[in-house]
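Chemist: with the input below, show me the fold.
(chains A and B)
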Amino acid sequence: MSCSTCAHFDPRPAAVEAAFPGLSSLSSAYAAVRAADGLCSRHERYVAASSVCGMHSASTCTRQS
Amino acid sequence: MQIVEPSSPHAAQGVRPSPIGVRRAALLRNEDWLSSFLGLALILVAASVFAAGGSIKWLAVAPQKWSHASDVLQQLRLNGVRYAALFAVWALLLGAAAAALGLGAVKFWRAFAPVFLVTAAIYFLGLWDQAAHYNLEPPLVALALGLLFSNSFGVPRWLDPGLRVELYIKVGIVLLGASLPLTLLAWAGPVAILQAAIVSLITFGVIYAVATRLGLDRRLAATLGTGGAVCGVSGAIAIGGAVGAKKQDISVAISLVVVWAIVMIFVLPLAARALGLSTGVAGAWIGTSEFADAAGLAAAQTYGGYAGKVAGISGHPDAAVTAFTLMKVIGRDMWIGVWAFVLSLIAATRWERTGIESRSGAGEIWKRFPKFVVGFLLASLLVTWFASGYAYGEYKTSVLPGLVAPLQALRTWAFTFAFLSIGLTTRVRELVAVGARPFLAFTAGAAVNVLLGLFLSTRVFGAFWSGLGQ
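Modeler: Model (predicted):
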């Protein structure tokens, strides 16, 4: 199961811009270069949606990418 | 990306959206595609109106040179309706994009109105006949005003939806494609790619080597390296995700890029002016040495504004922005997907484990490709094809003033919205403390980048960039 279906994974642009002050000054969380990356609250890292880990926790949300 | 909360109909019924719906949602939630659609739509409308014997000149209004305040009032009296129409069109198009991004059209409009008004004031100020004497170039004024305001008084949160730097700058770049013939891109593109590749690889190598020698984590070193060598904040966030960097490390890289990029906006045009570089050479240098598109365009447009006004600076005013765009967009930005793919492979196979395993494949290259480059190239192709139906003389007397010039005016508006937004969104207090080691590593790379970029732009490819646009 990839990070994209994990409860600890948050790819929302608004959340990403809030997590990284200065991001919207010269770039954007809505940019294509970000692909489907998101914040991992379990590892405190910013990871690709296709990543996997042993601490996956199935999300109750339906995610669209 | 969108999360459908459990209370939503989709989740309640356990229904996943169809693959086509998912793809469409992804398309509309991406600033790159949206800016391409907006820019190309404007170009198509402009070309259609021109083909029918008209021009969008009336809509693409821009201030004219003035000497006294009464001249400004006169211009506003004569063209007030045109400015109102221009505001309505920008608000409609950009508001639609904001709605597609989930920012809310109404919230966007409320914030965009003051952005448009201040941009118009800055645009007028730049056309004052004493503006060059006082260094009141619109990009620098917009940036300085925004920085001053946001860092002394603070910016109310309701303005945030209207401060979309990347959306504005990408729309402007797509419109810029309309004034660059495809033949120019084919002729100058390979040189830009070669020069940018040399500088990017060496700059990345320097930052990465210094950072790891100083004991920094490899993922932080790579994030800093691509931030300095490829495409600034966008490079840092793309590589940070590809290699699975710590959140704090990405914040450090973003802070360093933002601070250095803002410094460079002011320093590079001044240094190029002191060296008496032509507009094409200065644009190439800025394209090699600035970190972010929006910051570099502010510096390049400022320098282009010196042509014909400051003694010793030769070249066409547009050559600075053209050379910058070739170097930055074609030479550097386009390759971010390749950097991400290669570094994610190295991170997964060679670097210390983090507990997260990367599964990135070659598809990463297209996923992270800055799609606004597609819009930029299509814009160039479209106008080149359209203009090919006219003789050269007719192009100069008819197509240039009737089609290309109005699109250039719209581009200047979009860029100035972006420059003002950079200043208003750069809040120094909100940037994280970076520590000495990341600062030293990034600064070493920035120094090499600037010197190597200057050497390549003036000594190795100087004749090429000087001849740009002539």
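Chemist: how about the residue in chain B that chain A sits nearest to: what's its closest non-neighbour residue?
Modeler: Chain A sits closest to residue B:241 of chain B, with a gap of 3.1 Å, by C-beta to the nearest C-beta. Every residue, glycine included, has its C-beta placed from N, CA and C. Counting by C-beta to C-beta, 6 or more residues apart in numbering or on different chains, the nearest residue to residue B:241 once its immediate chain neighbours are dropped is residue A:37, at 3.1 Å.
Chemist: can you give me every residue that contacts the one you found?
Modeler: Contacts for residue A:37 were tallied using C-beta atoms under 8 Å, 6 or more residues apart in numbering or on different chains; they are A:11, A:16, A:46-49, B:237, B:240-242.
Chemist: up against chain A, what does the stretch 301-450 of chain B have?
Modeler: B:336-337, B:340, B:344, B:354-360, B:364, B:367-372, B:422, B:425-427, B:430-432 (C-beta under 8 Å from any C-beta of the partner chain).
Chemist: closest one of the contacts of residue A:37 to residue B:108?
Modeler: residue A:16 (19.0 Å; C-beta to C-beta).
Chemist: which residues of chain B fall in strands?
Modeler: Ranges of strands in chain B, per DSSP state E, are B:2-4, B:356-357.
Chemist: mean pLDDT lowest where, among those strands?
Modeler: Note on those: lowest mean pLDDT is at strand B:2-4, with a mean of 38.
Chemist: per-residue pLDDT of the residue of chain A at minimum distance from chain B, please?
Modeler: For chain A and chain B, the shortest gap (C-beta to the nearest C-beta) falls at residue A:37, measuring 3.1 Å. Turning to residue A:37, the model gives it a pLDDT of 95.
Chemist: got it, and residue B:445?
Modeler: Confidence score, pLDDT, at residue B:445: 97.
Chemist: burial of residue B:394, as a residue count?
Modeler: The number of residues packed near residue B:394 is 12, by other C-beta atoms under 10 Å in any protein chain shown.
Chemist: with only the CA atoms kept, save stretch B:381-391 in CSV.
Modeler: What follows is stretch B:381-391, C-alpha atoms only, in CSV (Å, rounded to 0.1, in the frame of the first residue of the first chain):
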residue,chain,number,x,y,z
LEU,B,381,4.3,27.6,-32.6
LEU,B,382,0.8,29.2,-32.9
VAL,B,383,2.0,32.7,-33.5
THR,B,384,4.9,31.6,-35.8
TRP,B,385,2.4,29.6,-37.9
PHE,B,386,-0.1,32.5,-37.9
ALA,B,387,2.6,35.0,-38.9
SER,B,388,4.0,32.8,-41.7
GLY,B,389,1.0,33.8,-43.8
TYR,B,390,2.3,37.4,-43.9
ALA,B,391,5.2,39.0,-45.8
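Chemist: give me the contacts around it.
Modeler: For stretch B:381-391, contacts defined as C-beta under 8 Å, 6+ apart pick out B:40, B:43-44, B:47, B:51, B:177-179, B:181-183, B:395, B:398-399, B:403-404, B:407.
Chemist: from residue B:356, how far off is the residue nearest to residue A:1 when sequence neighbours are not counted?
Modeler: Of all residues not flanking residue A:1 in the chain, residue A:56 sits nearest, at 4.7 Å (C-beta to C-beta, 6+ apart). Using C-beta to C-beta, to the nearest Å, residue A:56 is found at 10 Å from residue B:356.
Chemist: mind checking pLDDT for the closest residue to residue B:437 other than its chain neighbours?
Modeler: In this structure, residue B:437 finds its nearest non-sequential neighbour in residue B:214, 4.3 Å apart by C-beta to C-beta, 6+ apart. Looking at residue B:214, its pLDDT reads 98.
Chemist: check what pLDDT residue B:102 gets.
Modeler: As predicted, residue B:102 sits at a pLDDT of 93.
Chemist: run through the bridge partners of the most centrally placed residue in chain A.
Modeler: For chain A, the residue nearest the mean C-alpha position is residue A:38 (1.1 Å; C-alpha atoms, centre = their mean). Beta-bridge pairing of residue A:38 under DSSP bridges involves residue A:47.
Chemist: picking that back up, now do the phi/psi pair for the residue nearest to residue B:241.
Modeler: Note on residue A:37: backbone dihedrals following degrees, to the nearest 10 are phi -70, psi 160.
Chemist: the one 5 residues further on too?
Modeler: Torsion angles at residue A:42 (phi, psi; degrees, to the nearest 10) stand at phi -80, psi -40.
Chemist: got the contact list for the residue nearest to it when sequence neighbours are not counted?
Modeler: In this structure, residue A:42 finds its nearest non-sequential neighbour in residue A:8, 4.0 Å apart by C-beta to C-beta, 6+ apart. Contacts for residue A:8 were tallied using C-beta under 8 Å, 6+ apart; they are A:40-43, A:55, A:57.
Chemist: can I get the residues you listed in CSV including secondary structure and neighbour count?
Modeler: Below are the contacts of residue A:8 laid out as CSV (DSSP: H, G, I helix; E, B strand; the rest coil; neighbours: other C-beta atoms under 10 Å in any protein chain shown):
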residue, secondary structure, neighbour count
A:40, strand, 23
A:41, coil, 13
A:42, coil, 18
A:43, coil, 19
A:55, coil, 11
A:57, coil, 12
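Chemist: farthest pair within these?
Modeler: Farthest-apart pair in these is A:43 and A:57; separation 12.1 Å (C-beta to C-beta).
Chemist: near chain A, which residues of the stretch 101-250 of chain B show up?
Modeler: Applying C-beta under 8 Å from any C-beta, one finds that the stretch 101-250 of chain B approaches chain A through B:101-102, B:163-167, B:231-235, B:237-238, B:240-242, B:244-248, B:250.
Chemist: from these, list the buried ones, please.
Modeler: Buried members of these, counted by 16 or more other C-beta atoms under 10 Å in any protein chain shown: B:101, B:163-167, B:231-235, B:237-238, B:240-242, B:244-247, B:250.
Chemist: what segments of chain A are strands?
Modeler: Applying DSSP E to chain A gives strands spanning A:9-10, A:38-40, A:45-47, A:52-53, A:62-64.
Chemist: on that earlier part again, between the contacts of residue A:37, which is closest to residue B:111?
Modeler: Using C-beta to C-beta, those come closest to residue B:111 at residue A:16, 20.0 Å.
Chemist: ok, residue A:30 touching residue B:35?
Modeler: No. Applying C-beta atoms under 8 Å, one finds residue A:30 not in contact with residue B:35, separated by 10.0 Å.
Chemist: common neighbours of these two, please.
Modeler: Listed as contacting both residue A:30 and residue B:35 by C-beta under 8 Å, 6+ apart are residue B:167.
Chemist: the more surrounded of these two?
Modeler: In this view residue A:30 and residue B:35 are compared by other C-beta under 10 Å, and residue B:35 has more residues nearby, 29 against 26.
Chemist: what pLDDT does the more buried one get?
Modeler: On the pLDDT scale, residue B:35 is placed at 97.
Chemist: that one: what's it in contact with?
Modeler: Shown in contact with residue B:35 (C-beta under 8 Å, 6+ apart): B:97, B:167, B:170-171, B:173-174, B:372, B:375.
Chemist: any chance of TSV for the residues you listed, columns pLDDT?
Modeler: Formatted as TSV, these follow (pLDDT from 0 to 100):
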residue	pLDDT
B:97	96
B:167	97
B:170	98
B:171	98
B:173	97
B:174	98
B:372	97
B:375	97
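Chemist: mark which of these are part of helices, please.
Modeler: Of the positions in these, B:97, B:167, B:170-171, B:173-174, B:372, B:375 sit in helices, assigned by DSSP state H.
Chemist: nearest residue to residue A:53 other than its sequence neighbours?
Modeler: residue B:356 (4.6 Å).
Chemist: quick revisit: do I have it right that the residue nearest to the centre of chain A meets residue A:14?
Modeler: No. Using C-beta under 8 Å, residue A:38 is not in contact with residue A:14, being 11.8 Å away.
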